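Q: Following is a predicted model, sequence given first.
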Amino acid sequence: MGDAAVERVSPVDRERRAEIADLLEQLAVLAVRQLGRRDISMTAASALGRLAREGPARLTALAADEGVSQPAMTQLVQRLTKQGLMARVADPDDGRAVLVSITDAGRRLLAERRRDRVARLSDLLAALPPEDQTTLAAAVGSAAPALRRLVAAAADLSGRSAPPAG
């Protein structure tokens, strides 16, 4: 939908949308940069997450989806395979081709990282005054459906599946 079309149907003016977008961006930076563990790179975590959501992929497709060169992805896959987080599997549709998949250890690592982020964020929330905690709880309760639709819309635009809820 073009910007002009959004303006016509949006009950929120452009300036307010920009404020909302800025705050959401700050929260994304908080989640990724300040709450994330440094045990693997952001590219490695993103590639593992993509494989967990979408299933096995060809290395070339994974490199393109992650916005890195094929040689860089090859090195990353080799490193993560040695660590037991990824595996190379035969392509059921083409016996000559190989797919990259996430292992159970890779899934466990992603789950641990998510639990750590949630725990750190929960600790940050606990440090807020009670009235701020109550305000945020109410805001999240009412905003959750819209935020889920936002995530789904972004996934639709990119042609990808949305990350799992929860």
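A: Arrived safely, thanks for sending. Numbering: from 1, shown residues only.

Q: Which other helices and strands does the strand or helix carrying L147 contact?
A: If you go by DSSP states H and E, L147 is part of helix 130-158. Of the remaining helices and strands, those touching helix 130-158 by 3 or more CB pairs under 8 Å, 6 or more residues apart in numbering; DSSP states H and E are helix 104-126. In this view, the C-beta of every residue, glycine as well, is placed from N, C-alpha and C.

Q: I'd like to know the average pLDDT value across the helix it packs on.
A: Helix 104-126 shows a mean pLDDT of 94 in the predicted model.

Q: For that helix, which residues meet the burial criterion?
A: G106, L109, L110, R113, R117, R120 (16 or more other CB atoms under 10 Å).

Q: now the strand or helix carrying Q78 and helix 104-126, what's the angle there?
A: If you go by DSSP H and E, Q78 is part of helix 70-82. Using axes from the mean of the first three to the mean of the last three CA atoms, to 10 degrees, the direction of helix 70-82 lies 90 degrees away from that of helix 104-126.

Q: Pull the residues that contact the helix or strand just after helix 70-82.
A: Later in the chain than helix 70-82, the nearest helix or strand by DSSP H and E is strand 86-91. Among residues not part of strand 86-91, those counted as contacts by CB atoms under 8 Å, 6 or more residues apart in numbering are 47-48, 51, 56, 58, 77, 80-81, 97-103, 106.

Q: With respect to G67, which of those residues is nearest?
A: Nearest to G67, judged by CB to CB, of these is A47 at 10.6 Å.
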